[in-house]
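Chemist: no letters, just coordinates:
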């Protein structure tokens, strides 16, 4: 269950990172409120996952999900560069996340 909660926390991290873009520096109230809610939810869920998962592993997976999800959103929705080297680097992050999961004793 902790891994499921951690994945949800990572997805909320993607949501708040994207929300930062649309909040225009916290000048737009609705995107700002949603961003803050996603931040709070993400941190709370990370804290719940840390009850049973190792800190280093959980934090790395959480930030990795956020990094990969945000980068993919940027490429697919915002038209950011999606060259082969960039995609390969994202794939390396995914491999790291999977490796940490597979090597975790939890």
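Modeler: Structure's in. What do you need? Only a predicted model underlies this, so the values are computations on that prediction, with no experimental measurement involved.
Chemist: state the helix or strand in which the most centrally placed residue in the chain lies.
Modeler: With distances taken as Cα atoms, centre = their mean, the chain has residue 66 as the residue nearest its mean C-alpha position (1.8 Å). Take DSSP states H and E as the rule and residue 66 turns out to sit in helix 55-76.
Chemist: packing partners of that helix?
Modeler: helix 2-22, helix 29-49, helix 84-103 (3 or more Cβ pairs under 8 Å, 6 or more residues apart in numbering; DSSP states H and E). C-beta coordinates here come from the backbone N, C-alpha and C atoms, glycine included.
Chemist: out of those helices, which one sits most buried?
Modeler: With neighbours taken as mean count of other Cβ atoms under 10 Å, the helices and strands packed on helix 55-76 reach their highest mean count in helix 2-22, at a mean of 19.
Chemist: show me what that helix is in contact with.
Modeler: Helix 2-22 is contacted from outside by 28, 31-32, 34-36, 38-39, 41-46, 48-49, 51-53, 58, 61-66, 69-70, 73, 78, 101, 106, using Cβ atoms under 8 Å, 6 or more residues apart in numbering.
Chemist: again, only using 7 Å
Modeler: Residues from elsewhere that reach helix 2-22, judged by Cβ atoms under 7 Å, 6 or more residues apart in numbering: 31, 34-35, 38-39, 41-42, 45-46, 48-49, 51-53, 58, 61-62, 65-66, 69-70, 73, 106.
Chemist: if we go by neighbour counts, what in stretch 65-75 is buried?
Modeler: 65-71, 73-75 (16 or more other Cβ atoms under 10 Å).
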